[in-house]
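Colleague: fold the following and give me the result.
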Amino acid sequence: MATAIQSVRILGHEERQEPKSHVVYRIEVQASVRSWFMWRRYSEFDDLHTELTKTTGAPPPQPLPPKRQLSLFRSKDNPQIIQERKEGLESYLRAIVSSKDSRWRETSVFKEFLGIPISKKEGAESSAPSEFTSATWLDEHLDIQNRVREIRADVNKRDALADRGDVSSAHNTNVQAKKKLAAVLNRLGILTDGLKTLALAGLSEGEIQRRTDMTARLQDDCEKLSKMMIAARSASRAFASSIPANQNPASAADRAALLGPSQASRDRPFARVFGAAASQPQETEQTRPLDEHGIYQLQQAKMEEQDVHLSQLTTILARQRQLGLAINQEIAEQNEMLDDLTTAVDQTGSKLNAAKKKLNKLEGK
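Modeller: A predicted model of the protein is given here:
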């Protein structure tokens, strides 16, 4: 597998009302370097079981828990039924992941079910070569650029859905964007390795540097998109909207900003203030949709950006200092040459005056 799965757990469930009342289960997937979660309902497990049996020619190593008519036994009234089904579904997934026979977990339908990134050789993008020529490398780079734009559009769509209060659709859009980003990062790694191969094949140094900068810009775009997804704007807004106004500390600040200063502040007597008065922190368009974790990450990104700018400024100042020293040395040498020239002119003038006096004496005789 392109991504080694270490464990699969079902940690919880939710009741959803659209398109009709049903229960979805929260699947946590732990890989070697990261983890993520997926929401799946029982009917999707049933479809997965059917597809795995059809694709591999044999049923998975463990059967699904039996079906029940949950419409007669609501989960909120029968948590034991949900718990039994959750344990059965978790055992079903674990049996596939830990089985010595890998044919079920290596199928694309199982990877898609768990949100595992599918490599280009396994997925629909198998037409992209693992070994590049100079032209095909540029074609692959252009295609990855287009995919990054699509992911950015998905993130914007997620925010728009969250603003409309459609939390479920916003969540699904965010999950799809994360899957696309994982695939893009995989392709970007292959593209970087392909550039090393082209360098060994004799591609010019200037072209190698140009393409290295191109891949670095793509990497920066992917990191920015990853931070936007981690911010989880839709989740934080949904959580804030579910809290009553009298328990939400942000609502009082929003109300004060909307209605203006309180009566106590309006009745406060005027007093002269020496120096600039301390201003209250102001929300911006960039920080308003973020929660505390998102703001912290934004601050870290800003600090890193400032460090980069400071390093660049230090390099520029050092270069300006060297240039200033060189100019100063040149001016000193020019001044010295002018002083020598002035001395030579004075000496020549003195000699001319002496010669003129001698000439006058000769004429007087």
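Colleague: pLDDT weak spots in the stretch 151-300 of the chain?
Modeller: By pLDDT under 70, the low-scoring segments of the stretch 151-300 of the chain are 231-281, 285, 288-290.
Colleague: I figured Leu203 hits Ala135, correct?
Modeller: No: counting by C-beta atoms under 8 Å, Leu203 stays clear of Ala135, with 11.8 Å between them. Every C-beta, even on glycine, is put in place using the N, C-alpha and C of the backbone.
Colleague: so which of the two has more stuff around it?
Modeller: Applying other C-beta atoms under 10 Å to Leu203 and Ala135 shows that Leu203 carries more neighbours, namely 15 against 8.
Colleague: so that one, which of the three states?
Modeller: coil (DSSP: H, G, I helix; E, B strand; the rest coil).
Colleague: distance of it from Asp339?
Modeller: Counting by C-beta to C-beta, to the nearest Å, the separation of Leu203 from Asp339 is 56 Å.
Colleague: now swap in Arg187 and tell me
Modeller: Where Asp339 is concerned, Arg187 sits at a distance of 68 Å (C-beta to C-beta).
Colleague: again, but for Trp137
Modeller: Trp137 is 62 Å from Asp339, by C-beta to C-beta.
Colleague: for this structure, which segments count as helices?
Modeller: Secondary structure of the chain (DSSP state H): helices located at 42-56, 79-98, 108-114, 134-163, 167-200, 205-230, 233-242, 249-259, 263-267, 292-364.
Colleague: now the last one against helix 205-230, angle please.
Modeller: Yep, that's helix 292-364 we're talking about. Counting by axes from the mean of the first three to the mean of the last three C-alpha atoms, to 10 degrees, helix 292-364 lies at 140 degrees to helix 205-230.
Colleague: who does helix 292-364 touch, helix- and strand-wise?
Modeller: helix 205-230 (3 or more C-beta pairs under 8 Å, 6 or more residues apart in numbering; DSSP states H and E).
Colleague: how many other residues sit next to Thr343?
Modeller: So Thr343, with other C-beta under 10 Å, has 10 neighbours.
Colleague: and it, how far from Met337?
Modeller: From Thr343 to Met337 the distance is 11 Å (C-beta to C-beta).
Colleague: between Arg187 and Asp339, which one's more packed in?
Modeller: Per other C-beta under 10 Å, whichever of Arg187 and Asp339 has more neighbours is Arg187, with 21 against 10.
Colleague: quick one: that one and Leu142 touch, right?
Modeller: No: using C-beta under 8 Å, Arg187 is not in contact with Leu142; the gap is 12.0 Å.
Colleague: mind listing residues that contact stretch 197-214?
Modeller: Residues outside stretch 197-214 that contact it (C-beta atoms under 8 Å, 6 or more residues apart in numbering): 131-132, 134, 137, 141, 195.
Colleague: buried only: go through those for me.
Modeller: In terms of neighbour count (16 or more other C-beta atoms under 10 Å), the buried residues within the contacts of stretch 197-214 are 132, 137, 141, 195.
Colleague: and which of the residues you listed is nearest His171?
Modeller: Closest approach to His171 among these (C-beta to C-beta): His141, at 31.3 Å.
Colleague: that closest one reaches Gln219, doesn't it?
Modeller: No: the pair His141 / Gln219 is not scored as a contact, 12.0 Å apart, by C-beta under 8 Å.
Colleague: can you list the domains in the chain?
Modeller: As assigned by automatic domain parsing, the chain contains the domains 1-116, 119-247+294-310.
Colleague: how about those domains in a markdown table, adding distance to Ala355?
Modeller: As requested, the domains of the chain are exported to a markdown table (distance: least, C-beta to C-beta, whole Å):
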| stretch | distance to Ala355 |
| --- | --- |
| domain 1-116 | 93 |
| domain 119-247+294-310 | 66 |
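Colleague: and those: which comes nearest Glu363?
Modeller: domain 119-247+294-310 (76.5 Å).
Colleague: pull the distance from the closest one to the chain's centre.
Modeller: The chain centre lies 6 Å from the centre of domain 119-247+294-310; the measure is C-alpha atoms, centre = their mean, to the nearest Å.
Colleague: among the contacts of stretch 197-214, which two are most distant?
Modeller: Longest span within the contacts of stretch 197-214, C-beta to C-beta: Glu131 and His141, 15.1 Å.
Colleague: where's the closest residue to Thr56 other than its chain neighbours relative to Glu336, distance?
Modeller: Spatial nearest neighbour of Thr56, chain neighbours left out: Arg103 (4.8 Å); criterion: C-beta to C-beta, 6 or more residues apart in numbering. Separation of Arg103 from Glu336 (C-beta to C-beta): 87 Å.
Colleague: that older thread, what about the residue nearest to Thr56, neighbour count?
Modeller: 15.
Colleague: mind starting the numbering at 365 from now?
Modeller: I'll keep to 365 as the first residue from here, and by that count the last item is Arg467.
Colleague: quick check: it touching Pro423?
Modeller: No: contact criterion C-beta under 8 Å: Arg467 and Pro423 do not qualify, at 11.5 Å.
Colleague: hmm, Ser371 is touching Ala395, no?
Modeller: No: contact criterion C-beta under 8 Å: Ser371 and Ala395 do not qualify, at 9.1 Å.
Colleague: neighbour count winner among the two?
Modeller: A count of neighbours by other C-beta under 10 Å puts Ala395 above the other of Ser371 and Ala395, at 16 against 13.
Colleague: contacting residues around Gln447?
Modeller: Gln447 neighbours (C-beta under 8 Å, 6+ apart): none.
Colleague: kindly report the same for Val372.
Modeller: 391-394, 454, 457-458, 461, 478.
Colleague: quick check: closest non-adjacent residue to it.
Modeller: According to C-beta to C-beta, 6+ apart, the nearest residue to Val372 is Leu457 (4.5 Å).
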